[in-house]
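S.K.: Sequence first, then the predicted structure:
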Amino acid sequence: MYVASKLPQHLGQSGWVSMLPPRTPCPTLDGTVNADIAVIGGGFAGLSAARRLSQLDPGLKVVILEAGEIAEGATGRNSGFIIDLPHEVSSEDYGGAEGNERQHDIKVHRIAIALAQELADEKRWGKDVFDPCGKYNVALGQQGDEHVASYAKQLDKVNEPYRMLDANEIAAVTGTQSFTSAIFTPGTVIIQPAAYIRGLADSFHDPVKLYENTPALSFERQGTSWVIRTPNGYVRAGKIILANNGQAQSFGLFRGQLLHVYTYASMTEAFDPKRLGGQRSWAATPAFPMGTTVRRVEGDQGDRVLIRSRYTYNPRMQVSKSAIARAGRVHDRKFETRFPMLKGVPMEYRWAGAMALTWNGVPAFGEIEHGVFAAIACNGVGATKATASGIAAAEAALGQDSWLVQVFRGFAAPRRLPPQPFLTIGAAANLSMKEWAAGVE
Ligand SMILES: Cc1cc2nc3c(=O)[nH]c(=O)nc-3n(C[C@H](O)[C@H](O)[C@H](O)COP(=O)(O)OP(=O)(O)OC[C@H]3O[C@@H](n4cnc5c(N)ncnc54)[C@H](O)[C@@H]3O)c2cc1C
C-alpha cells in the first residue's frame with residue numbers, strides 16, 4: 001500500500017487566479033466510484049493525460065483526483081510559457097533519448113503544444129488566454145549578449161527560425177532601454193496559466209469525472225484493481241496514472257531521485273498603459289536560464305508586469321512566507337532596474353510554486369507497478385514536458401507503442417541523488433552559483 005505522508009501546500013496568492021472570475025470547483029468525491037483509469041493530480045500532466053485518454057477511447061471511464069482546486073498548483077501559477085525549444089539547444093540539456101536528441105526534444109515539445117492548440121481552437125480562446133506569439137530571450141549586458149549570440153548559432157544547427165534584435169529593436173517591443181539585445185523565436189505559446197488549466201478541466205464530460213478538493217490519500221492493489229482512498233470515498237480503477245509531480249515522493253515513490261525546487265513570482269498592480277511604451281503584451285525569458293523571466297500582461301483595467309526569479313531547494317516540499325518575502329525583495333530590485341518609468345507601481349501578488357527535477361534531467365516515467373504509470377518530474381520547460389509526459393503516460397496505459405511513448409521509454413532512469421547532508425549543501429550551492437552566474441540577467 002502506498003500512503004501519502006503529506007499533501008501539497010501552495011503558498012502566496014497567485015495573480016493569475018486572482019485576475020479570473022470566481023469558479024465553482026467540481027464536487028469532492030463522496031462514496032465509491034469505479035473507473036477504467038484513475039489520474040492522480042490535476043496539473044498539466046494529469047489533465048493532458050485525461051484528455052489524451054478520452055481522445056483515444058471516448059468510452060473510457062476516467063476519474064481525476066485533484067488534491068486542491070484546479071489552478072492552485074504550479075500549473076496555474078507559473079509564468080505561462082509553453083516553450084518549443086529547450087533553453088540550451090545542446091544535447092546535455094534534456095536527458096537521453098537516442099538519435100538526434102535535439103530534434104527529438106523539439107518534436108516532443110511540439111506534440112505538447114499541439115494538444116494545447118487543439119484545446120484553444122475548441123474553446124475559441126482569445127490572446128488573453130492563449131497567444132501563439134513566440135517569445136523573446138533578452139540580455140542585460142555583454143555576457144547576456146554573448147549568450148544570446150551563441151544561442152542563435154545553436155539554432156542555426158537545428159534549422160530553427162529566429163530573429164536577432166539590437167537594443168533599440170527590443171526597446172521598441174518592451175518600452176524599456178534596459179535590454180541590450182534579444183533573440184525572438186516564434187514557436188512558444190504564451191498562456192494565462194490559470195485560465196488555461198481551468199478551461200482544460202472544464203472541458204471534460206461523462207465518462208470523464210474530475211473531483212476537486214479530493215486528495216488521494218493512499219492506493220493499494222486489491223485483486224485485479226487498484227483502490228485509491230480519499231477523505232470521503234474510494235476509487236476502484238484498473239489502472240492509475242500518477243501525475244502529482246514531486247508529491248509522488250510523499251507516497252514513498254522515487255525516494256532519493258527527486259529534487260524539490262521552488263521558484264517565485266510577483267505581479268504588479270494594474271497600471272496605466274501610457275506609462276510604459278512598446279507593445280502592451282510580450283513575454284521574455286532571460287539569456288541565462290537561471291535569470292529573470294518578465295511578462296507584460298495587457299488588461300482592461302490596465303497592464304501588469306510579472307517578474308519571475310529565484311530558485312530555492314526545499315526537500316520538505318514547503319516554503320515559508322519569509323522565503324516569498326525575500327524573493328519579493330529581489331523581484332522589486334529587478335523590476336526597478338528594468339522599468340524605472342514605473343517607479344512607485346507596487347506588486348499586488350507574490351507567490352511560490354513547486355517543481356520537481358531529477359539529477360540527470362530526465363522524467364520519472366513509466367509503469368512503476370503493474371498498472372501504475374508515472375508522469376512525474378517536470379524538470380525545466382515543465383509546462384511543455386509535463387504535458388508531453390501526460391500524453392505519453394495515457395498512450396502507454398492504453399498499450400500504445402507510439403513514437404512519443406518510445407521516446408519517453410528511451411530516457412534513462414532518474415539518477416540517485418547524493419546522500420544528505422551533501423545533497424542539501426550541494427543543491428543549495430549549485431543554485432546559488434548558477435544564480436550568481438546569471439548576474440543581472
Ligand atoms: C512561478 C513559476 C513559474 C514557472 N514558469 C514556467 C513557465 O513559464 N514555463 C514552464 O514550462 N514551466 C514553468 N514552471 C514550471 C511548471 O509550472 C511545472 O513544471 C508544471 O506545473 C508541472 O506540471 P505537473 O502537472 O507535472 O505538476 P503540478 O503542476 O505540480 O501538478 C500536480 C498536481 O497534483 C496535485 N496533487 C499532488 N498530490 C496529490 C494527491 N495526493 N492527490 C491528488 N492530487 C495531488 C497538486 O495539487 C497539483 O495540482 C513554473 C513554475 C513556477 C512555480
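M.R.: Good, I have the coordinates.
S.K.: In the protein, what residue comes closest to the ligand?
M.R.: Residue of the chain nearest the ligand, by Cβ to the nearest ligand atom: G382 (1.7 Å). Heads up, the C-betas are built off the backbone N, CA and C, glycines and all.
S.K.: which one is that residue nearest to, not counting chain neighbours?
M.R.: Once flanking residues are discounted, G382 sits nearest to M355: 6.0 Å by Cβ to Cβ, 6 or more residues apart in numbering.
S.K.: these two touch, right, that neighbour and Y264?
M.R.: No. M355 lies out of contact with Y264 (Cβ atoms under 8 Å); the separation is 11.3 Å.
S.K.: More neighbours: the two, which one.
M.R.: Y264 (25 against 21; other Cβ atoms under 10 Å).
S.K.: Any residue of the helix or strand harbouring the more buried one touching the ligand?
M.R.: Taking DSSP states H and E as the criterion, Y264 maps to strand 259-268. Yes. Judged by Cβ under 6 Å from any ligand atom, strand 259-268 and the ligand are in contact via 263, 265.
S.K.: Just list what that strand packs against, helices and strands only.
M.R.: When contacts are defined as 3 or more Cβ pairs under 8 Å, 6 or more residues apart in numbering; DSSP states H and E, strand 259-268 packs onto strand 304-313, helix 321-338, strand 347-357, helix 422-438.
S.K.: mind redoing it with 6 Å?
M.R.: Applying 3 or more Cβ pairs under 6 Å, 6 or more residues apart in numbering; DSSP states H and E, we find strand 259-268 packed against strand 304-313, helix 321-338, strand 347-357.
S.K.: Could you export the ones you listed as a markdown table, including distance to Y136 and mean pLDDT?
M.R.: As requested, the helices and strands packed on strand 259-268 are exported to a markdown table (distance: least, Cβ to Cβ, whole Å; pLDDT from 0 to 100):
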| stretch | distance to Y136 | mean pLDDT |
| --- | --- | --- |
| strand 304-313 | 14 | 96 |
| helix 321-338 | 13 | 97 |
| strand 347-357 | 22 | 97 |
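S.K.: With distance to the ligand as added columns, please give these in a markdown table.
M.R.: Putting the helices and strands packed on strand 259-268 into a markdown table (distance: least, Cβ to the nearest ligand atom, whole Å) gives the following:
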| stretch | distance to the ligand |
| --- | --- |
| strand 304-313 | 5 |
| helix 321-338 | 10 |
| strand 347-357 | 2 |
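S.K.: Turn those into TSV, including distance to M164.
M.R.: Compiled in TSV, those are given as follows (distance: least, Cβ to Cβ, whole Å):
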stretch	distance to M164
strand 304-313	24
helix 321-338	20
strand 347-357	30
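S.K.: F184 sits in which helix or strand?
M.R.: strand 181-185.
S.K.: Then R255?
M.R.: With DSSP H and E as the test, R255 turns up in no helix or strand.
S.K.: again, but for I106
M.R.: helix 101-123.
S.K.: Send me that helix as CSV with only the CA atoms.
M.R.: What follows is helix 101-123, C-alpha atoms only, in CSV (Å, rounded to 0.1, in the frame of the first residue of the first chain):
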residue,chain,number,x,y,z
GLU,A,101,18.3,14.3,-29.3
ARG,A,102,17.7,18.0,-30.0
GLN,A,103,15.3,17.3,-32.9
HIS,A,104,13.5,14.7,-30.7
ASP,A,105,13.1,17.2,-27.8
ILE,A,106,11.7,19.8,-30.1
LYS,A,107,9.3,17.3,-31.7
VAL,A,108,8.2,16.2,-28.2
HIS,A,109,7.6,19.8,-27.2
ARG,A,110,5.6,20.4,-30.3
ILE,A,111,3.3,17.4,-29.6
ALA,A,112,2.5,19.1,-26.3
ILE,A,113,1.9,22.4,-28.0
ALA,A,114,-0.4,20.8,-30.5
LEU,A,115,-2.6,19.5,-27.6
ALA,A,116,-2.8,23.0,-26.2
GLN,A,117,-3.5,24.5,-29.6
GLU,A,118,-6.3,22.0,-30.2
LEU,A,119,-7.9,22.9,-26.9
ALA,A,120,-7.5,26.6,-27.7
ASP,A,121,-9.3,26.1,-31.0
GLU,A,122,-12.0,24.2,-29.4
LYS,A,123,-12.5,26.8,-26.7
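S.K.: Neighbouring strands - and their directions - for the helix or strand following that helix?
M.R.: Downstream of helix 101-123, the next assigned helix or strand under DSSP H and E is strand 130-131. Strand 130-131 has the following sheet partners, assigned by DSSP bridges: strand 189-191 (antiparallel).
S.K.: what is the rounded mean pLDDT of the very next helix or strand once past the strand it pairs with?
M.R.: As assigned by DSSP H and E, the chain's next helix or strand after strand 189-191 is helix 193-201. The average pLDDT within helix 193-201 is 98.
S.K.: now the angle from helix 193-201 to helix 101-123?
M.R.: 70 degrees (axes from the mean of the first three to the mean of the last three Cα atoms, to 10 degrees).
S.K.: related to what we said a few turns ago, got the angle between the strand holding Y264 and strand 347-357?
M.R.: Strand 259-268 runs at 160 degrees relative to strand 347-357, counting by the same axes, to 10 degrees.
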